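Visitor: Sequence and computational prediction follow.
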Amino acid sequence: MNNPEIKKIQARQIFDSRGRPTVEVDVELADGSSGRAGVPAGASTGTFEAFELRDRDENFYEGLGVLRAVENVNGEIAAELYGEDALNQSEIDALLRDLDGTEQLKRLGANAVLGVSLAVSRAAANFLKMPLYQWIAEISDTKEISLPLPMVNILSGGLHAGRGTDVQDFLFVPHHAESFSDAVCKIAKVRSVADKLAKEKGLSTLLADEGGLSPNFERGKDALEFMVEIFERAALKPFEDALIAIDVAAATLQTGAGEYFFARENRTFSSLELIELMKDWTGEFPIFSIEDALGEDDWSHWKLLQEKLGGKIQIVGDDLLTTNLKRLEKGIEEKSANAVLIKLNQNGTLSGTLDVIKTAQENGWATIVSARSGETDDSFIADLAVGTAAGQIKIGSFRNSERLSKYNRLLQIEEETRAPFAGAKSLAGSF
């Protein structure tokens, strides 16, 4: 029976890479096709993200259980979507949003809604007997798919590593990689060298949430100097073969007075002073991308940062934009950045996420598909990055199965498709 109607939806509580509960959803169609999706969770989360529903029962996984979200899927959502055509992704997602009835999906929970949305899309792809990236390309009207350029956590701090550094992440980008597989080779080498060098220097090699090292540098500049040393030890030329991306996660550093407190350095910065710090760092180090350099509502200073640095490097909005179309449109209008981080669970549905990617690309912004600090082995974002020709991807470090599942999926897609590698041309700015 060739029928793409939804026959069954079943959710359950599973555990993410931090050992915290999350939602997994199975969708079965009338012809027997099925799809499964696991929902990630963030640590450094923006106020304007779609709402993650937790049980808040301190006696059950310290309040982090997701049984209410699971119940919402198995009950209300399953009843609403029974018999719906799984090939109508946008209609399915609109039904889910209407059923919830709140802007941030606070009633049913974005973790419930997203799990269903992604599982439906995978079931549809399986029904059509096509790879997920191809189905995503069709529903996003992507003309030519591509393999993304990865940016990879090497050193971590902030909320990803117990404040080991004030700045949350220092990432490596294989600037002159010739293909995705070549990029992976360089990533593996840099990550291995980082381990060895840290041990030689007597630094901590404990892993952060996303698999990066947390060597507890007191100054951001110390971490940047260490990154350059890693590149040189790996026989890569800074500014040429190897670039640095940083995620400041400034919203987590803001004080009640609107300033930014770097606890490790015991220094407080105004917005203008933080912009000058970023300017100084980019003048001295091979930094090509700065994410969340300012707070999530510090709009006027974001515009100033973009004016000062955006012509040269990539200015990325994450907490500022939260994969939210309205906030992205404001960012485009105010020229607040030139790149947007794309996180499925910030938006809550696949269709909504695709709208954000399309709008950013149509306005000349770079798009970076991103994992979260709490991940599952689900490799969905690999297909998303390829199917939308996003250009860049931020998976996490070259460690841990929940990260490697995405790298491995991209290697499979590279072999299957011979799709072009986006490479350095995907970067915003003119580095």
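Guide: Good, I have the coordinates. Numbers count the residues shown, from 1 in each chain.

Visitor: so L224 sits in a strand?
Guide: No: assessed with DSSP: H, G, I helix; E, B strand; the rest coil, L224 is helix; it does not lie in a strand.

Visitor: Please report how far it lies from S181.
Guide: Here the criterion is CB to CB, to the nearest Å. By it, L224 lies 28 Å from S181. For the C-beta atoms, the positions are set from N, CA and C on the backbone; glycine is no exception.

Visitor: now swap in A263 and tell me
Guide: A263 sits at a distance of 40 Å from S181 (criterion: CB to CB).

Visitor: pLDDT wise, what is the residue nearest to the spatial centre of the chain at?
Guide: Centroid-nearest residue in the chain, with CA atoms, centre = their mean: S370, separated by 1.8 Å. We have a pLDDT of 97 for S370.

Visitor: sorry, back to before: between L224 and S181, who's got more neighbours?
Guide: In this view L224 and S181 are compared by other CB atoms under 10 Å, and L224 has more residues nearby, 21 against 14.

Visitor: ok, the nearest residue to that one once chain neighbours are set aside - how many residues close by?
Guide: Counting by CB to CB, 6 or more residues apart in numbering, L224 lies nearest to F285, which is 4.6 Å off, once chain neighbours are set aside. Here the count is done by other CB under 10 Å, and F285 has 21 residues near it.

Visitor: what residue ranges in this structure are flagged as low confidence?
Guide: For the chain, the stretches flagged by pLDDT under 70 are 1, 44-45, 158-164, 431.

Visitor: Show me it divided up by domain.
Guide: 6-129, 149-426 (automatic domain parsing).

Visitor: can you redo those as CSV with distance to I136?
Guide: Output for these, formatted as CSV (distance: least, CB to CB, whole Å):
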stretch, distance to I136
domain 6-129, 7
domain 149-426, 3
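
Visitor: sorry, back to before: the residue nearest to the centre of the chain and I342 touch, don't they?
Guide: Yes: S370 is in contact with I342 according to CB atoms under 8 Å; the separation is 6.2 Å.

Visitor: elements contacting the longest helix along the chain?
Guide: In terms of residue count, the longest helix belonging to the chain (DSSP state H) is helix 180-200. Under the contact criterion of 3 or more CB pairs under 8 Å, 6 or more residues apart in numbering; DSSP states H and E, helix 180-200 touches strand 149-156, strand 169-174, helix 220-233, helix 401-417.

Visitor: of all those, which lies closest to Y82?
Guide: helix 401-417 (30.6 Å; CB to CB).

Visitor: Can you check what angle separates the closest one from strand 149-156?
Guide: On the basis of axes from the mean of the first three to the mean of the last three CA atoms, to 10 degrees, helix 401-417 is oriented at 160 degrees to strand 149-156.

Visitor: Show me what counts as buried in helix 401-417.
Guide: Neighbour counts over helix 401-417 (16 or more other CB atoms under 10 Å) mark 402-407, 409-410, 413-414 as buried.

Visitor: repeat for stretch 13-29
Guide: By 16+ other CB under 10 Å, the buried positions in stretch 13-29 come out as 16-17, 20-29.

Visitor: mind listing what R327 touches?
Guide: 48, 320-321 (CB atoms under 8 Å, 6 or more residues apart in numbering).

Visitor: just I187 next, same as before
Guide: I187 neighbours (CB under 8 Å, 6+ apart): 150, 152, 172, 174, 398.

Visitor: With distance to T165 added, can I get the residues you listed in a markdown table?
Guide: Formatted as a markdown table, the contacts of I187 follow (distance: CB to CB, whole Å):
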| residue | distance to T165 |
| --- | --- |
| P150 | 21 |
| V152 | 17 |
| F172 | 16 |
| P174 | 22 |
| F398 | 20 |
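
Visitor: Would you mind checking which of those residues is nearest to S33?
Guide: Using CB to CB, P150 comes nearest to S33 of those, at 31.1 Å.

Visitor: where does that closest one sit relative to S373, distance-wise?
Guide: 17 Å.

Visitor: Could I get the buried residue list for the host helix or strand of T282?
Guide: In the assignment (DSSP states H and E), T282 maps to helix 271-284. Of all the residues in helix 271-284, those buried under the rule 16+ other CB under 10 Å are 271, 274-275, 277-278, 281-282.

Visitor: what's next to that helix, contact-wise?
Guide: Where contact means CB under 8 Å, 6+ apart, the residues beyond helix 271-284 that reach it are 220-221, 224, 246, 248, 250, 258-260, 269, 287, 290, 293-295, 298, 301, 304-305, 308-309, 312-313.

Visitor: all strands for the chain, in order.
Guide: 6-15, 21-29, 34-38, 149-156, 169-174, 242-247, 260-262, 267-269, 287-291, 314-317, 339-342, 366-370, 391-394 (DSSP state E).

Visitor: okay, the ones you listed in JSON lines with distance to N74 next?
Guide: Formatted as JSON lines, these follow (distance: least, CB to CB, whole Å):
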{"stretch": "strand 6-15", "distance to N74": "5"}
{"stretch": "strand 21-29", "distance to N74": "9"}
{"stretch": "strand 34-38", "distance to N74": "15"}
{"stretch": "strand 149-156", "distance to N74": "35"}
{"stretch": "strand 169-174", "distance to N74": "36"}
{"stretch": "strand 242-247", "distance to N74": "36"}
{"stretch": "strand 260-262", "distance to N74": "44"}
{"stretch": "strand 267-269", "distance to N74": "48"}
{"stretch": "strand 287-291", "distance to N74": "37"}
{"stretch": "strand 314-317", "distance to N74": "36"}
{"stretch": "strand 339-342", "distance to N74": "29"}
{"stretch": "strand 366-370", "distance to N74": "29"}
{"stretch": "strand 391-394", "distance to N74": "32"}
